[in-house]
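J.: sequence first, predicted model second:
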Amino acid sequence: MDSLASAVLAGAGPEELARAEVPTDYLAAHLRAEDMPRALASPAPDVREYLHVGRVPMPVLAPDEVLVAVMASSINYNTVWSATFSPVPTFKFLQRFGALGGWAKRHDLPYHVVGSDAAGVVVRVGDGVRRWRAGDRVVASCVQVDDHEPASHADAMLGGDQRIWGYETNFGGLAHYTVVRASQLLPKPAHLTWEESAGNLLTAATSYRMLISERGARVKLGDVVLIWGATGGLGAFAVQLVKRAGGIPVGVVSSEAKAELLRGLGCHVVINRAEIGIGGEVPRTPQRTAELGDRLARAIRQAVGEDPHIVFDFVGEATFGLSVHVVRRGGTVVTCGSSTGYRHHYDNGVLTTRLKRIVGSHAANLQEQWECNRLFQLGLLSPVVSAVHPLENVAEAARLVQQNQHVGKVGVLCLAPRTGMGVTDPALRARIGEDRINPLRNSETDTPEPVLAG
């Protein structure tokens, strides 16, 4: 282990961290451009073949950037996209970014360090950074914005040059170190462990913007909200947000085992789609969409007595036509991501004549991230980490997400040698209670033994 990492693990202060030497390379989960042709030729690429863990060179910091020693990270679906080189190979993102010149040129490399979540310790700051210093405990937002772009000052997500760090940029969070912009950082919730803190911002803040923000569906007291994939990272946070806002979450899952987990999360209205004959098919005709949509609508009405005001849909191609079909007259379908495909088919007559709305959403701006992180700091939102793996096993962890064999978020230990570290407010943690903090946790899949750091 390098001296800087040792100092971080020992809880060193700012002066000692400043004296420790930054290593010339570090351990990171990364893709290799040379693998891209083979992956693109495969009908069903397996992320385990293309997600490598090895040492990569340490980049130089730009003036507005921060070097963070990553204690823990997590798997998001964009890591699956990255490691299958679809729907767009991420090396194309890096090439376009690098073509801007200047500091952006560093990102165009034959390898791509991936990962869009991180919790860790600031170890270096660029000359232009004012609000952060070495030793600060932080979590990283996934969004990098260009603050010279006018649209960014209205809403950062409107900026044409906003990018998702670790997906559309290099030097991501599934590593011992990561490079982020200072404007990505937020304080780590003091009562949460490293792995609990590292699995929140991308998915929770995305759900926050979709449901709570003025730019999303704006859930209000009494709203019925249909949530697809309700035991996934986005869905499990959506359930919590709807309940906190006074709405009625209706969770859709694919098995009775997931239904039980969802009830444990506090979602009392659960629809097992397998029980009503809605499998994994993509309905290809208006008639089939209406047939499956009617089945789902009947199940929702039977459970809550009315149609949903809002449908929360990140699944995409396989579900979107059903979402438009079942949402009530004047209701809203809010969508992001599309993990099953981006080509959505729906009946526009149903949309227009019944005055339904579709709201597109993507990640969250820094203010939305801040408000969402505040809910974690207050104990009003709980992490949904279900399992934790060491960085060396990141490919297996990503495979679970690729095959939808996970619930909630899958955490990854980076520099943290074991789970359970990083809590600095044990009193708040005790008041909230372990069961509420870890409603989906399966300790059998954790890695409590020390993880060797290269």
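T.: Cool, got the structure.
J.: and Gly120, that one's in a strand?
T.: Yes: Gly120 forms part of a strand when assessed by DSSP: H, G, I helix; E, B strand; the rest coil.
J.: what's the pLDDT at it?
T.: The predicted local distance difference test score for Gly120 is 98.
J.: burial count for it?
T.: Applying other Cβ atoms under 10 Å, we find 31 other residues in the vicinity of Gly120. To be clear about C-beta, it is placed using only N, CA and C from the backbone, and glycine gets the same treatment.
J.: and it, what are its bridge partners?
T.: Gly120 has the following beta-bridge partners by DSSP bridges: Val70, Val138.
J.: residues in contact with it?
T.: Gly120 makes contacts with 8, 68-72, 137-138, 140, 178, 194, 414-415, as judged by Cβ atoms under 8 Å, 6 or more residues apart in numbering.
J.: and if you look at Ala175?
T.: 26-30, 56, 70, 73, 113, 115, 391, 414.
J.: what about stretch 416-433, start to end distance?
T.: End-to-end distance of stretch 416-433 (Cα to Cα, to the nearest Å): 23 Å.
J.: please identify the buried residues of it?
T.: Applying a neighbour-count criterion of 16 or more other Cβ atoms under 10 Å, one finds 416-419, 422-423, 428-429, 432 buried in stretch 416-433.
J.: from the residues you listed, which land in helices?
T.: Filtering those for membership in helices, criterion DSSP state H, returns 428-429, 432.
J.: just the closest of those to Thr285, please.
T.: Set against Thr285, the nearest of these by Cβ to Cβ is Ile432 (48.9 Å).
J.: ranges for the helices of the stretch 51-200 of the chain?
T.: According to DSSP state H, counting those that start in this stretch, the stretch 51-200 of the chain carries its helices in the segments 77-84, 90-98, 194-197.
J.: what's the pLDDT at Asp161?
T.: Per-residue confidence at Asp161 stands at 88 (pLDDT).
J.: that one touches Asp147, doesn't it?
T.: No: taking contacts as Cβ atoms under 8 Å, Asp161 lies outside contact range of Asp147: 9.8 Å.
J.: coming back round to it: can you list the contacts of Ala175 in JSON lines and add distance to Glu214, pLDDT and neighbour count?
T.: Below are the contacts of Ala175 laid out as JSON lines (distance: Cβ to Cβ, whole Å; pLDDT from 0 to 100; neighbours: other Cβ atoms under 10 Å):
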{"residue": "Tyr26", "distance to Glu214": "40", "pLDDT": "98", "neighbour count": "27"}
{"residue": "Leu27", "distance to Glu214": "41", "pLDDT": "98", "neighbour count": "24"}
{"residue": "Ala28", "distance to Glu214": "38", "pLDDT": "98", "neighbour count": "31"}
{"residue": "Ala29", "distance to Glu214": "36", "pLDDT": "98", "neighbour count": "31"}
{"residue": "His30", "distance to Glu214": "38", "pLDDT": "98", "neighbour count": "26"}
{"residue": "Val56", "distance to Glu214": "41", "pLDDT": "98", "neighbour count": "20"}
{"residue": "Val70", "distance to Glu214": "33", "pLDDT": "99", "neighbour count": "32"}
{"residue": "Ser73", "distance to Glu214": "30", "pLDDT": "98", "neighbour count": "34"}
{"residue": "Val113", "distance to Glu214": "35", "pLDDT": "98", "neighbour count": "24"}
{"residue": "Gly115", "distance to Glu214": "30", "pLDDT": "98", "neighbour count": "34"}
{"residue": "Leu391", "distance to Glu214": "38", "pLDDT": "98", "neighbour count": "26"}
{"residue": "Cys414", "distance to Glu214": "35", "pLDDT": "98", "neighbour count": "33"}
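J.: between all of the residues you listed, which two are separated the most?
T.: Using Cβ to Cβ, the contacts of Ala175 span at most 15.2 Å, a distance reached by Val56 and Ser73.
J.: circling back: so which of the helices of the stretch 51-200 of the chain is the most packed in?
T.: Ranked by average neighbour count under the criterion mean count of other Cβ atoms under 10 Å, the helices of the stretch 51-200 of the chain are headed by helix 194-197 at a mean of 30.
J.: ok, and what's touching that helix?
T.: Contact with helix 194-197 is made by 71-72, 74, 119-120, 139, 188-189, 376, 383, 385, 388, 411-413, 416, 419, 421-422, 437-438, as judged by Cβ under 8 Å, 6+ apart.
J.: and with 7 Å instead?
T.: Contact with helix 194-197 is made by 71-72, 119, 139, 188-189, 383, 385, 388, 411, 413, 416, 419, 421-422, 437, as judged by Cβ atoms under 7 Å, 6 or more residues apart in numbering.
J.: one more: stretch 400-415?
T.: With Cβ under 7 Å, 6+ apart as the test, stretch 400-415 has contacts from 5, 8-9, 47, 69-75, 77, 80, 174-176, 195, 198-199, 203, 231, 233, 236, 258, 261, 384-391, 394, 397, 419, 440, 447, 451, 453.
J.: and the strands in the stretch 201-350 of the chain, which stretches?
T.: With DSSP state E, counting those that start in this stretch applied, the stretch 201-350 of the chain shows strands at 224-227, 248-253, 269-272, 310-313, 332-335, listed in chain order.
J.: format these as a markdown table; extra columns: mean pLDDT and mean neighbour count.
T.: Below are the strands of the stretch 201-350 of the chain laid out as a markdown table (pLDDT from 0 to 100; neighbours: other Cβ atoms under 10 Å):
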| stretch | mean pLDDT | mean neighbour count |
| --- | --- | --- |
| strand 224-227 | 98 | 29 |
| strand 248-253 | 97 | 27 |
| strand 269-272 | 96 | 21 |
| strand 310-313 | 98 | 32 |
| strand 332-335 | 98 | 25 |
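J.: using JSON lines, lay out those strands together with distance to Asp347.
T.: Formatted as JSON lines, these follow (distance: least, Cβ to Cβ, whole Å):
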{"stretch": "strand 224-227", "distance to Asp347": "17"}
{"stretch": "strand 248-253", "distance to Asp347": "20"}
{"stretch": "strand 269-272", "distance to Asp347": "22"}
{"stretch": "strand 310-313", "distance to Asp347": "14"}
{"stretch": "strand 332-335", "distance to Asp347": "12"}
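J.: to Pro87, which of these lies closest?
T.: Each of those was checked against Pro87 via Cβ to Cβ, and the shortest separation belongs to strand 332-335, namely 15.7 Å.
J.: partner strands of that closest one, parallel or antiparallel?
T.: As defined by DSSP bridges, the strand partners of strand 332-335 come to strand 310-313 (parallel), strand 357-360 (parallel).
J.: which outside residues touch it?
T.: With contacts defined as Cβ under 7 Å, 6+ apart, strand 332-335 is touched by 210-211, 216-217, 310-314, 320, 323-324, 327, 356-361.
J.: which of the residues you listed count as buried?
T.: With burial judged by 16+ other Cβ under 10 Å, the buried subset of the contacts of strand 332-335 is 210-211, 216-217, 310-314, 320, 323-324, 327, 356, 358-359, 361.
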